[in-house]
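Enquirer: Sharing a model prediction with you, sequence too.
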Amino acid sequence: MGKGSRTKAIFPGGRTPASRPVARALAWTAPLVLVLAGCSGGVIANPSTGLFTLAPGTASLDTNCTGCNATAANGARAEQFTATLSSGGAAQVTWSVSGGDTNSGAGTISATGLYTPPSYLTADSVQVVVKATPSNGGAAATSVLTLTPGFLQPLTPENVALGASGVVSFTGYIAEAGGSLRVSYALASSAGGTSGGQGALGSTSCHHASAAFTWCTVTFTAPASVSATGSTWLVARVGSSAVASAQILLNTNGISSSPVTHEVQQTSAILLGSSGGNNRDYDASGNQIVDCCSGTLGALVQDTAGHQYLLSNNHVLARSDHAAVGDAIIQPGLIDNNCTPYGEGSGTTPVATLTTWLPLSAKSTNADAAVARVNSGAVSGAGSILELGSLQANGTLAAAPLGISSSGGKGEAASLALKVAKSGRTTGLTCGAVSAIALDVQVAYYTDCAETKTYLTKIFTNQIAISGNQFSDAGDSGALVVDAANAEPVGLFFAGGQDASGVGQAVASPASDVLSELGTAASTSFSFVGGTDHAVSCLNYGAGKVASALHTQLALFELARAQAAVGGAHALVNSVAGILGVAAGKSLDSPGTAALLVYVDEASHAAVPSTLNGLRTVVVPTTARALAMGAAPDSPAETAQPLAASVLSQAITVKQQTSHALLGHNPSYFAVGVSQSLDNPAEAVLVVYVDRRHLPSSLPATLNGMRTRYVVMDRFHVTRSWATPIHASRHCAARPATSNDDPFHLKANGFFKLF
């Protein structure tokens, strides 16, 4: 997503706060008359003038741009238009758009032809005319886009664990007010699949209203018997292009875990890992709240005097430096209460008051963290966290305190490949593995939930990277990351996203560093509240990096590169030196890239160069007998011995030398850390995170003599917003209003609801 860690509210079921309007007050607008794109007729494209041609000439896409081919400046998907002279080269044109939706408009197009659709529609389908007018005069060319509504947000919930015969309901929200579209649900064996999967679906129920986004619900029932733990996907479609999916982890342990339990209001002393945030964390237009954000109340800490505090991120509790000491911290957060603050309606409970935060604006701070002193009796004094405990008779996981007996409440250091867990507002209990340490990372912050007002970009050093499917998403900000083996605190999650392969990537600040910096800021010493170390019932939605890389198909030119390089590599074979053979293969550190497989005697310590004949090398330990019989593996073992301390130390030194040059002088890169190479587990690797919107011309196989692994994705993100104001609407072929269309009389007052 890009995916992040604080989210804006979606108002399910057409609800609205009881005492405060939550959408912009807009007067009714006159119907837009489209000469080319009327309600009853289509538009004919004219993409060529003889002097230049537009591409694409026609296209179909949804409001979330599922099938788009480019990226806008804010990371949103977009459609790129080009104007090419008949003689070749770019034509100099002025771009414009017209038509589209009567209320949400035609979308926008930049001076370079980058088109972004409107965020919602009030009709099932509209047409947009993209016009290119020559800068020096002459006939214009036109292209036609057919727009349909896409999904407003991921399915809710977007991940869930179930045992045999478990039941759960899913909801999909369509970015359409009114209209007649429905979500089509199906089970599949992959996130974008059309068949397979296990279990059964009930009938789909949809809710349409002219003043609310459409939402459709379906019930899933797990099979009566689960023979092996694995995933089924619920795939939702709107029309032919918009696709969303939820991952269902069917497990043999009988665990039933849904993030929904982390989002609701708790009626007694609250458990952590739940929704929460600052009571003032919303955007307003005049006296109207237009959207809001929140995150996760992560853990309980105490100072030397025994006072207890909630721990979360600065951007969750302190609104990215824009809060005030004494602000009310509420549970659940505004995103789970229709953006209704405490004191202006029911649904939230004040549980703490904001006390201390690490200013993001200060160069001396190196964590996104804040604490709020708990209100008497409002928070579990044991610091119990949702689902961190043992399996109960009904299949749910009990809440449990952190484990602190090994570290004295100060947390433990992260190590590569360490299995970790977190309990957060959006994805619930999930597990992953530490994928990089000593991570230096750039993260952008905003002063509003809608992310229209930039605050600053901060570089954090020596952070922890975690990878794993479904490990985190928007709203999980502030969740505590723990060692899955003993529940000891490891880090404080604050930013994340999803890479080009669909694998979740997360960033956390080391737990001990968070406590130390907060203690300095508050002139005290903090420690985690918890109990005896205990294991966590880990829910791992998949993160096999080696298996994923091996399944990545090589392009024909990559295969040709590998075959061409093999002949010249035979000179490397020397059984005395422990090198038994070479073959064409694929890189694990760089999926989709050809490599040379170098087979080495597993009893030797053969020296193999990082690259050979222009290709990466993959070092595969085996025996001469296995190689001769064709039984040698085609990759190193995924579970390798940890890196030697000296190797890791040297790698961190190289990272420090490399980081400044990468992050300070090249917009393509936004994070760099250290990990263990998958191509040669005896070596370290520089993990470099690359902005997929600014891919460099080349990605070197080595930097400063070290192997490299590139993670291509949108930049790490701390906020993702979903709510969108619905303007007053008039439809083509408008259907008569019914008593259910406007239950809150918003039309009469000029207000339209948000989800």
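Expert: Yes, it's here.

Enquirer: C-alpha from now on. contacts and neighbour counts both.
Expert: Noted.

Enquirer: just checking, residue 366 touches residue 461?
Expert: Yes: with contacts counted by CA atoms under 8 Å, residue 366 reaches residue 461, the gap being 6.7 Å.

Enquirer: what's the longest helix in this protein?
Expert: helix 645-665 (DSSP state H).

Enquirer: same question for that helix, mean pLDDT?
Expert: Here helix 645-665 scores 92 as its mean pLDDT.

Enquirer: for stretch 224-241, same thing?
Expert: 92.

Enquirer: who touches residue 715 in this structure?
Expert: With contact taken as CA atoms under 8 Å, 6 or more residues apart in numbering, residue 715 is in contact with 2, 443, 497, 670, 690-691.

Enquirer: With secondary structure and distance to residue 259 as new columns, can these be given to me in JSON lines?
Expert: Output for the contacts of residue 715, formatted as JSON lines (DSSP: H, G, I helix; E, B strand; the rest coil; distance: CA to CA, whole Å):
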{"residue": "2", "secondary structure": "coil", "distance to residue 259": "20"}
{"residue": "443", "secondary structure": "strand", "distance to residue 259": "26"}
{"residue": "497", "secondary structure": "strand", "distance to residue 259": "18"}
{"residue": "670", "secondary structure": "strand", "distance to residue 259": "30"}
{"residue": "690", "secondary structure": "strand", "distance to residue 259": "30"}
{"residue": "691", "secondary structure": "strand", "distance to residue 259": "30"}
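
Enquirer: pLDDT-wise, what's the bottom of those residues?
Expert: Lowest confidence among the contacts of residue 715: residue 2, with 37.

Enquirer: related to what we said a few turns ago, roughly how far out does the longest helix of the chain sit from the chain middle?
Expert: 27 Å (CA atoms, centre = their mean, to the nearest Å).

Enquirer: what sits up against it?
Expert: 438, 440-442, 669-674, 683-686, 703-704, 706.

Enquirer: again, only this time at 7 Å
Expert: 438, 669-674, 684, 686, 704 (CA atoms under 7 Å, 6 or more residues apart in numbering).

Enquirer: Can you tell me which of those is nearest residue 179?
Expert: The shortest approach to residue 179 among the contacts of helix 645-665 belongs to residue 670, at 41.8 Å (CA to CA).

Enquirer: My read is that that closest one contacts residue 690, right?
Expert: Yes: contact criterion CA atoms under 7 Å: residue 670 and residue 690 qualify, at 6.4 Å.

Enquirer: what comes up buried for the longest helix of the chain?
Expert: By neighbour count with 16 or more other CA atoms under 10 Å, helix 645-665 contains the buried residues 648, 651-652, 654-656, 658-659, 662-663.

Enquirer: Doesn't residue 395 lie inside a strand?
Expert: No: according to DSSP: H, G, I helix; E, B strand; the rest coil, the state of residue 395 is coil, so it is not within a strand.

Enquirer: if I pick it, what's in contact with it?
Expert: 254-256.

Enquirer: ok, now residue 454?
Expert: 445-447.

Enquirer: Flag the shaky bits of this protein, pLDDT-wise.
Expert: 1-42, 73-75, 543-551, 638-639, 719-755 (pLDDT under 70).

Enquirer: how does it divide into domains?
Expert: 32-148, 159-261, 402-515+530-542, 548-628, 645-713 (automatic domain parsing).

Enquirer: so how far is the longest one off the chain centroid?
Expert: Same thing as domain 402-515+530-542. For domain 402-515+530-542, the distance to the chain centre is 13 Å (CA atoms, centre = their mean).

Enquirer: same deal with the shortest one?
Expert: Centroid separation between domain 645-713 and its chain, computed with CA atoms, centre = their mean, is 22 Å.

Enquirer: Do a quick rundown of the strands in the stretch 251-400 of the chain.
Expert: 274-278, 282-285, 288-297, 299-302, 308-312, 328-331, 349-357, 370-374 (DSSP state E, counting those that start in this stretch).

Enquirer: who wins for proximity to residue 237 among those strands?
Expert: strand 288-297 (26.4 Å).

Enquirer: so which of the strands of the stretch 251-400 of the chain gets nearest residue 523?
Expert: Nearest of those (CA to CA): strand 349-357, 10.3 Å.

Enquirer: which residues touch the closest one?
Expert: Contacts of strand 349-357 (CA under 7 Å, 6+ apart): 314, 317-318, 325-331, 342, 369-375, 378-379, 518, 522.

Enquirer: Now, of those residues, which are buried?
Expert: Looks like these have 314, 317-318, 327-331, 342, 369-375, 378-379, 518, 522 buried, using 16+ other CA under 10 Å.
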